[in-house]
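Chemist: give me coordinates for this.
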Amino acid sequence: QVQLVESGGDLVQPGGSLRLSCAASGFTLGLEVPAIAWFRQAPGNEREGVSCISALDSTNYLDSVKGRFTISRDNAKNTVYLQMNSLKPEDTAVYYCAADPGGISCGLEFSSYDYWGQGTQVTVSS
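Modeler: The predicted structure is shown next:
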């Protein structure tokens, strides 16, 4: 049974930093390395893809976060991280991680991902 658990969301001032974590379980160790993506959804907005990392460690980013956010993975811990720097109020949202078991490559399309976590709240405000 695949499970994704996000953590690290918090209230932070503009210009601050946060690191989100997505712990994945249920994938066949050594056989399945999923692509993992981060999505976010602010009130009244559609869910949008923020960043993803493939099984081969290629990455993609939403234009508005390029240069500020960095995605990485630690396969030994089955965890993917999203380092978020220079945060802006418009980054405020619930952040979700999602997994694509067949993730040789990755994209930021909602429909590409089969498994989802419950989300973690990020609030950027003074």
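
Chemist: check what pLDDT the residue most central in space within the chain gets.
Modeler: For the chain, the residue nearest the mean C-alpha position is W38 (2.3 Å; CA atoms, centre = their mean). W38 is assigned 98 on the pLDDT scale.

Chemist: element containing the closest residue to it other than its chain neighbours?
Modeler: Nearest non-adjacent residue to W38, counting by CB to CB, 6 or more residues apart in numbering: V50, 4.5 Å away. C-beta coordinates here come from the backbone N, C-alpha and C atoms, glycine included. Assigned by DSSP states H and E, V50 belongs to strand 48-53.

Chemist: quick one: list the elements packing against that strand.
Modeler: strand 35-41, strand 59-61, strand 69-74, strand 79-84 (3 or more CB pairs under 8 Å, 6 or more residues apart in numbering; DSSP states H and E).

Chemist: point out the most buried one among those strands.
Modeler: Of all the helices and strands packed on strand 48-53, strand 35-41 carries the top mean neighbour count, a mean of 25, counting by mean count of other CB atoms under 10 Å.
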